[in-house]
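A.B. asks: please find the sequence and the predicted model below.
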Amino acid sequence: MKRTPKFNYVLPFLFFIFFHIQNSFAQQGEHEVLYKQAVQLIDEGKKEEGLKSLNKAIELEPTYYDAIYARSYYYMTEGLYEQAINDYELLLLIRPDDYDIHVYMGQAHIFAEYYSEAEDYLLSAVLLDSLKGDAYSILGNLYYVLDLYPDALENFEKAISLNKEDISAYFYRASTYRYLKDYPKALSDIERVLKYDSLDVDAYRLKSQIFIQQKQYQKAIEVYEDAQKYEQITFAEEDFYLWAEAYYQLENYKEAIFYLELPQNPQYAFIKYALGRNYFKLKDESKALALLNQAVEMIDENDELYAPFFYDRGVVQTALKNTEAAKSDFLQALYLTPEILESKNNLNEPITLLGDLNKLLQGKITPQQVLETRVKGLQDRAETFIEEGDTDRALQTIENAINLDKEDAYSYTLRGIVRSMVFQFESAIADFDKANELTKNKNEEKICYAKALTLKELSRYDEADVLLEKAIKINPKEANYYSDRAYIAYLNDDYGNALKNIEQAILLRPNEETFLTDKALYLYENKQYDKALLESTALISNDDSNMMAYYVRGLCYLQGKQYKQAAADFKYILNTFPNDTEIKQYYEEALKQQ
């Protein structure tokens, strides 16, 4: 299973402590004494006390680079990535061209799952110094996490070409090759990792996974037997699971159970799941069911990774004549992973299941139930991809749903949304019209709203307004409908209706800053300058990063001939958006009129 990579830090903290303490003996000042005290406390394992000393040092000297750096390292090691990011931002204000801090920013953003921002910082590190391999290596890790395997390989190769000893790059390149099913190259890289460090349990685990994927189960077992020779190696629960899985595939169920029962109070749900499967193979259905129940209690029941848990429990339920429970498990498995009907996971890879549950439940569950559940699973998966902005996978998923059932209106609605997201507006409208023609699983409200937003992009404002009005009649409590209707009125220079609709949106969501900002703009366009000034000033007092509020207030000041204040607001915006030509023009006009 893929997980976010655990990176090696480019600058080891022990070196950092040694280097800076040596220099700190020559330093003077209370903040420097506190810093020296802090790194010693952290080195002794007294982390919380060390953090307090760092905070005091930074309070006395807010631009003290070494102390902020040490605190950022503390936050990273404690998994406090948001705080680490805040400290890295401070460090970049002090040294904006610091290569290492850009790299650390990338790492922190990956751990915090801000992948776009991570990429930006890592690419800026490459621009700062293209001859260092660290940024390339971590970019490779980022693209690996995002399933962008060709990009991952390209960056790992750059990292390795610059640093032949970058073991992390070899390891994750091997992981990438594994996903691409290029097993010889994956094994070659793993051997290099193990040659460098024969105690790297992650490398043994990856090597075993590769052999299991190739159905070379005896070799997978031998990997762990080789690792077992080193007393220093401590196996994780996942290792015992993989070890046992190889025995399971060889039908040596008792040996598999031996390894699965080695961990005490396991937290890895696959241990219980595998135990249940093995006991079922040994004809102990009651014990198998108890173990599978325990496995299900440990998981997120909405995670498609665990669809086999429900499927195999359903097989066990049929053996125990628990037909209704088996049906429920089968439908949950189908919903989570519609591909499981063909014994495949969500990546369309073959998986081994305890039986053919569809056949076992023949006559107990209708083909229509199976179809509708699979389509619903694909639709919900597509919606998740839409929310994540992953239009490629969303489109692929919804095409699969349409191929299963061409009469389901909601699938066409979703495809229309995806096509609109990628600027295929005419194709999107065709999908919305198709959805509107069908009756099965039709969501008229969503069709109206999605089509209205698409028509807006085509500047067909009157048609969009009609559809928004229809959506409001269906659901008058959705604030976004009024907000979007207000914006369309604004685009149509109908500022009175813009104001009327945004006020209705605010009634439904009174604290929505976007709505309140829009209201200030519409008040200005309605020539209600005093009210617009009050609204924009109130917004700024609550959030001084609201650039649109500064924009509206600046325009209000211009109208009131308060040129000094207008110039100040426009200058504030230019500090963030220095290339905005409209704001530059207003700023220059305000200066000229002073």
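C.D. replies: Looks like it arrived, so ask away.
A.B. asks: quick check: end-to-end length of stretch 257-277?
C.D. replies: The first and last residues of stretch 257-277 sit 10 Å apart, counting by Cα to Cα, to the nearest Å.
A.B. asks: which parts of that stretch are buried?
C.D. replies: 257, 259-260, 263, 266, 268-277 (16 or more other Cβ atoms under 10 Å). (C-beta placed from N, C-alpha, C; glycine too.)
A.B. asks: mind listing which of those residues are in strands?
C.D. replies: Using DSSP state E, no member of the buried residues of stretch 257-277 falls in strands.
A.B. asks: can you give me the helices for the stretch 101-250 of the chain?
C.D. replies: Here the stretch 101-250 of the chain has its helices, by DSSP state H, counting those that start in this stretch, at 115-128, 134-145, 149-162, 167-179, 183-196, 201-213, 217-227, 237-249.
A.B. asks: re earlier: for the buried residues of stretch 257-277, which one is nearest residue 36?
C.D. replies: residue 268 (42.6 Å; Cβ to Cβ).
A.B. asks: is it true that that closest one touches residue 237?
C.D. replies: Yes. Residue 268 lies in contact with residue 237 (Cβ atoms under 8 Å); the separation is 3.8 Å.
A.B. asks: ok, back up a step: right, and the helices of the stretch 101-250 of the chain - which one's nearest residue 568?
C.D. replies: helix 115-128 (30.2 Å).
A.B. asks: buried sites along the closest one?
C.D. replies: Buried, per 16+ other Cβ under 10 Å, within helix 115-128: 115, 118, 119, 121, 122, 124, 125, 126, 128.
A.B. asks: and the fourth one, what pLDDT?
C.D. replies: To tie it back to what came earlier, the one meant is residue 121. Per-residue pLDDT puts residue 121 at 96.
A.B. asks: please apply the same query to the last one.
C.D. replies: The predicted local confidence for residue 128 comes out at a pLDDT of 95.
A.B. asks: and for the second one?
C.D. replies: The predicted local distance difference test score for residue 118 is 95.
A.B. asks: grab the nearest non-local neighbour of it.
C.D. replies: Spatially, and ignoring its direct neighbours in sequence, residue 118 is nearest to residue 109 (3.6 Å; Cβ to Cβ, 6 or more residues apart in numbering).
A.B. asks: the fifth one now?
C.D. replies: Spatial nearest neighbour of residue 122, chain neighbours left out: residue 106 (3.8 Å); criterion: Cβ to Cβ, 6+ apart.
A.B. asks: still on that earlier bit, let's have the buried residues of helix 115-128 in CSV, adding distance to residue 164.
C.D. replies: Below are these laid out as CSV (distance: Cβ to Cβ, whole Å):
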residue, distance to residue 164
115, 28
118, 25
119, 25
121, 25
122, 21
124, 25
125, 20
126, 19
128, 22
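A.B. asks: and of these, the nearest to residue 362?
C.D. replies: residue 115 (44.6 Å).
A.B. asks: hmm, that closest one is touching residue 145, no?
C.D. replies: Yes. Contact criterion Cβ under 8 Å: residue 115 and residue 145 qualify, at 7.4 Å.
A.B. asks: ok, so of the buried residues of stretch 257-277, who is nearest residue 31?
C.D. replies: Nearest to residue 31 among the buried residues of stretch 257-277, with distances taken as Cβ to Cβ, is residue 268, at 45.8 Å.
A.B. asks: how long is stretch 360-373 end to end?
C.D. replies: Terminal-residue distance, stretch 360-373 (Cα to Cα): 18 Å.
A.B. asks: hmm, who's touching it?
C.D. replies: The contact list for stretch 360-373 (Cβ atoms under 8 Å, 6 or more residues apart in numbering) reads 314-315, 318, 323, 326-327, 330-331, 334-335, 338, 341, 358, 404-405.
A.B. asks: quick one, which of those are buried?
C.D. replies: By 16+ other Cβ under 10 Å, the contacts of stretch 360-373 give 314-315, 318, 326-327, 330-331, 334-335, 338, 341, 358, 405 as buried.
A.B. asks: which of these fall in helices?
C.D. replies: Judged by DSSP state H, helices contain the following of the buried ones among the contacts of stretch 360-373: 314, 315, 318, 326, 327, 330, 331, 334, 335, 358.
A.B. asks: now the first one. Nearest residue, chain neighbours left out?
C.D. replies: What sits nearest to residue 314 in space, not counting adjacent residues and going by Cβ to Cβ, 6+ apart, is residue 329, at 3.4 Å.
A.B. asks: need the contact list for the one you found.
C.D. replies: 310, 311, 313, 314, 317, 357.
A.B. asks: show me where the stretch 301-450 of the chain has its helices.
C.D. replies: Under the criterion DSSP H, counting those that start in this stretch, helices of the stretch 301-450 of the chain are mapped to 307-319, 323-336, 357-360, 367-388, 391-404, 409-421, 425-437, 444-457.
A.B. asks: what's the distance between the second one and the middle of its chain?
C.D. replies: With Cα atoms, centre = their mean, to the nearest Å as the basis, helix 323-336 stands 28 Å off its chain's centre.
A.B. asks: one more: the third one?
C.D. replies: Offset of helix 357-360 from its chain centre (Cα atoms, centre = their mean): 36 Å.
A.B. asks: one more: the first one?
C.D. replies: Shown here is helix 307-319, whose average C-alpha point lies 30 Å from the average C-alpha point of the whole chain (Cα atoms, centre = their mean).
A.B. asks: could we number from 3 for the rest of this?
C.D. replies: Let's use 3 as the start, then, which means that last one is helix 309-321.
A.B. asks: that helix - what's its average pLDDT?
C.D. replies: Rounded mean pLDDT across helix 309-321 is 98.
A.B. asks: with the third one instead?
C.D. replies: Per-residue pLDDT values across helix 359-362 average out to 95.
A.B. asks: same deal with the second one?
C.D. replies: For helix 325-338, the per-residue pLDDT values average out at 97.
A.B. asks: would you put the C-alpha positions of that helix in CSV?
C.D. replies: What follows is helix 325-338, C-alpha atoms only, in CSV (Å, rounded to 0.1, in the frame of the first residue of the first chain):
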residue,chain,number,x,y,z
THR,A,325,-28.0,-14.5,3.8
GLU,A,326,-29.1,-11.0,4.7
ALA,A,327,-25.8,-10.1,6.3
ALA,A,328,-24.0,-11.5,3.3
LYS,A,329,-26.1,-9.4,0.9
SER,A,330,-25.4,-6.3,2.9
ASP,A,331,-21.6,-7.0,2.8
PHE,A,332,-21.7,-7.7,-0.9
LEU,A,333,-23.5,-4.4,-1.7
GLN,A,334,-21.0,-2.5,0.5
ALA,A,335,-18.1,-4.1,-1.3
LEU,A,336,-19.6,-3.4,-4.7
TYR,A,337,-20.2,0.3,-3.7
LEU,A,338,-16.7,0.8,-2.5
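A.B. asks: now do that helix against helix 309-321, angle only.
C.D. replies: 160 degrees (axes from the mean of the first three to the mean of the last three Cα atoms, to 10 degrees).
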